[in-house]
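# Sequence first, then the predicted structure:
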Amino acid sequence: MEALEQIKARIEAAVPGAIIEIVRNTSPSQQNSLRLDNEHARQVAKFLRDDPVLRLDFCSNATGVDWLDRIVKKTVKVKKVVDGEEKEVAETTEEKTPGYLEAVYHLYSITHKHGPLIIRMRTADRAENAGLPSLTPIWRSAEFQEREIFDLYGVRFEGHPDLRRILMWDEFEDHPMRKDYRDPDDYEYEPTPHDDVLEKAKRHYAARPAEGELEPS
């Protein structure tokens with residue numbers, strides 16, 4: 001398969017206006033990826049699937065990533081006058097990066113037997129209705145996995161044919177894979193709690209008055 005730089009250049013030539021960024025992965029896997037801008041993501045996905053050289057006709061998996069707000073420290077060198085003499089000194093600045101959610105897709109070519117190519121999209125923020133374009137119309141295998149990302153992370157996929165919870169029940173509130181999610185201490189809905197769930201349930205019921213007793217005033 002072509003290098004990411006070549007794929008990026010060909011996407012930009014084939015899809016006018018598309019903004020593609022190479023995201024470097026410094027982990028041992030070194031699986032670098034392409035971040036697509038949301039406006040052109042579906043057009044880019046169609047190109048990746050239909051291009052005769054790439055023919056990335058199979059989406060093996062899609063997953064979500066939650067990035068919280070974080071402070072990024074940067075050290076820069078600036079020129080300052082110190083004791084009447086201009087010197088170059090290091091200064092550390094802090095920059096707040098707002099949180100966002102990502103959907104990450106691994107693509108393969110069954111036709112050409114190559115891959116993976118990893119593509120990703122990013123929401124504007126972590127708000128309740130954070131949205132991304134659905135890639136299910138391009139790769140049908142993404143349907144259930146986008147539902148899982150919606151269920152566990154809260155990403156709303158625009159254009160998905162059947163966007164509803166797939167693991168949690170319809171009445172469940174919140175999204176349990178978000179990093180700031182806190183599970184409740186009341187597991188009354190759990191029919192057979194075990195291990196740590198059982199211990200939490202015991203503590204919860206121990207704090208409540210026995211049946212027939214009055215709440216303390």
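That came through fine.
# Over to the nearest residue to A18 once chain neighbours are set aside. Which of the three states is it?
With sequence-adjacent residues excluded and distances taken as Cβ to Cβ, 6 or more residues apart in numbering, A18 is closest to H40, at 4.1 Å. C-beta here means a position set from N, CA and C on the backbone, and glycine is covered the same way. Under the three-state scheme (DSSP: H, G, I helix; E, B strand; the rest coil), H40 adopts helix.
# Is H40 in contact with E12, as I believe?
No. If you go by Cβ atoms under 8 Å, H40 and E12 don't touch, sitting 9.8 Å apart.
# Low-confidence ranges, this protein, go.
Scanning the chain for pLDDT under 70 picks out the ranges 184-194, 197, 200-201, 204-217.
# can you pull out the strands in it?
In the chain, the segments counted as strands under DSSP state E are 20-23, 33-36, 58-67, 70-82, 85-97, 100-109, 114-122, 131-133, 156-158.
# Looking at those strands, which is nearest to R178?
strand 58-67 (5.1 Å; Cβ to Cβ).
# That closest one packs against which elements?
strand 100-109, strand 114-122, helix 143-153 (3 or more Cβ pairs under 8 Å, 6 or more residues apart in numbering; DSSP states H and E).
# related to what we said a few turns ago, same list, the strands of the chain, but as CSV with mean neighbour count and distance to A142 please.
Formatted as CSV, the strands of the chain follow (neighbours: other Cβ atoms under 10 Å; distance: least, Cβ to Cβ, whole Å):
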stretch, mean neighbour count, distance to A142
strand 20-23, 15, 19
strand 33-36, 21, 14
strand 58-67, 18, 5
strand 70-82, 9, 28
strand 85-97, 9, 28
strand 100-109, 21, 7
strand 114-122, 19, 11
strand 131-133, 21, 11
strand 156-158, 16, 9
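# and those strands as TSV, adding distance to E148?
TSV is the format used below for the strands of the chain (distance: least, Cβ to Cβ, whole Å):
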stretch	distance to E148
strand 20-23	22
strand 33-36	20
strand 58-67	8
strand 70-82	25
strand 85-97	26
strand 100-109	11
strand 114-122	16
strand 131-133	14
strand 156-158	11
